[in-house]
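Asker: got a structure for you, letters missing:
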């Protein structure tokens, strides 16, 4: 029988004045305390199996992907990160979070401990201080140009996203170039695994930057720009399949296409669209079944489909799939921002095409229809 000390320790964990949760090596919640459940209005059993990012607001998810997760991977901890958790009734819960990884003797990740402190009063004080400062500044500079300045500030916020994505490319390219150089040198088995993880992260981060920048362009009114050329379809699709096979070596991808078929399109954009659809199928599809890719050229144009086995998508969710930041299943393995399908749909629309979705108990299939371009006289 456990003694009073053991009971006190258990009570201290469950009813501490802060929230506790532990993440497994795959990033999913394996344990949380009653305090966190009370704050969120969600039972511990429902939290188990979710990812921390699933509990965050949209802004928090972006911050998680671009700052919090990379910082944790690089240094193994972070302190006093301000986050907004979303409660069961949809209200934001302002918190400060600390996290630390626990690894074994060989450096393998065992689990990550996260401590959450409520920061409602602190954030309210900060917000009131900012509001008071802004009010004082506004009253001191009342002028005819005030509305124009506010409009410019709104545009600046959107432009910041684009600049951020652009400036991230340089260090990312340096990391990619460094790993390429390392791969040319003799490496231990452990070093090869680490380099493989780095390359996979570079590929994923590059995709996130592309999606964020395209989303920013769309919000700023620039839209998706195309540079069409005619080239074999196989070259474009096989390159994407090769990249994703490197990141997901355990998954089987079946590619069926006419190697001689040529398509007039923006092939860089076409590769981006295909990569988003294929990555979506890999992360959502059944792990023991192949992902099937079929590409056919007909009289009306190209039909490129990506199909996977697994649970069907509810009809109500299908209507929202191509909305930005939408994720049909919060407990899925997807770790992106929810922009992949939105960007794919924008690229299809820029080409004058569309993406259709069918889903049942047998398979889920995304089909890109690209109309034939009229030949100029």
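Answerer: Received it, and whenever you're ready, just let me know what you need. It should be emphasised that the depicted structure is a prediction, and the values quoted were computed from it without experimental measurement. Residues are numbered from 1 along each chain as shown.
Asker: low pLDDT regions in the stretch 151-300 of the chain?
Answerer: Along the stretch 151-300 of the chain, the parts satisfying pLDDT under 70 run over 151-170, 200, 204, 207-208, 212-213, 215-223.
Asker: show me where it has helices.
Answerer: Using DSSP state H, counting those that start in this stretch, the helices of the stretch 151-300 of the chain run over 189-219, 233-247, 267-284.
Asker: who are the packing partners of the shortest one?
Answerer: Contacts defined by 3 or more C-beta pairs under 8 Å, 6 or more residues apart in numbering; DSSP states H and E place helix 233-247 against helix 189-219, strand 253-257, strand 262-265, helix 267-284, strand 291-298. C-betas here are computed from N, CA, C, even on glycine.
Asker: possible to save those as CSV with distance to residue 9?
Answerer: Conversion of those to CSV gives the following (distance: least, C-beta to C-beta, whole Å):
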stretch, distance to residue 9
helix 189-219, 36
strand 253-257, 49
strand 262-265, 63
helix 267-284, 39
strand 291-298, 47
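Asker: of these, which is nearest residue 68?
Answerer: helix 189-219 (13.5 Å; C-beta to C-beta).
Asker: now residue 353. Nearest residue, chain neighbours left out?
Answerer: residue 370 (4.4 Å; C-beta to C-beta, 6 or more residues apart in numbering).
Asker: so for that neighbour, what's the pLDDT?
Answerer: Listed pLDDT for residue 370 reads 93.
Asker: and it, how close does it get to residue 38?
Answerer: Residue 370 is 52 Å from residue 38, where distance means C-beta to C-beta, to the nearest Å.
Asker: neighbour count for those two, which is higher?
Answerer: residue 370 (22 against 11; other C-beta atoms under 10 Å).
Asker: looks like the more buried one contacts residue 263 (just checking).
Answerer: Yes: the pair residue 370 and residue 263 qualifies as a contact (C-beta atoms under 8 Å) at a distance of 7.0 Å.
Asker: please enumerate the shared neighbours of the two.
Answerer: The contact sets of residue 370 and residue 263 overlap at residue 302 (C-beta atoms under 8 Å, 6 or more residues apart in numbering).
Asker: if we can go back for a sec, tell me which of the helices of the stretch 151-300 of the chain is the most buried.
Answerer: Of these, the one with the most neighbours on average (mean count of other C-beta atoms under 10 Å) is helix 267-284, at a mean of 22.
Asker: which elements pack onto that one?
Answerer: Using 3+ C-beta pairs under 8 Å, 6+ apart: helix 267-284 touches helix 189-219, helix 233-247, strand 291-298, strand 301-308, helix 340-350, strand 364-371.
Asker: please redo it, this time with the cut-off set to 6 Å
Answerer: helix 233-247, strand 301-308, helix 340-350 (3 or more C-beta pairs under 6 Å, 6 or more residues apart in numbering; DSSP states H and E).
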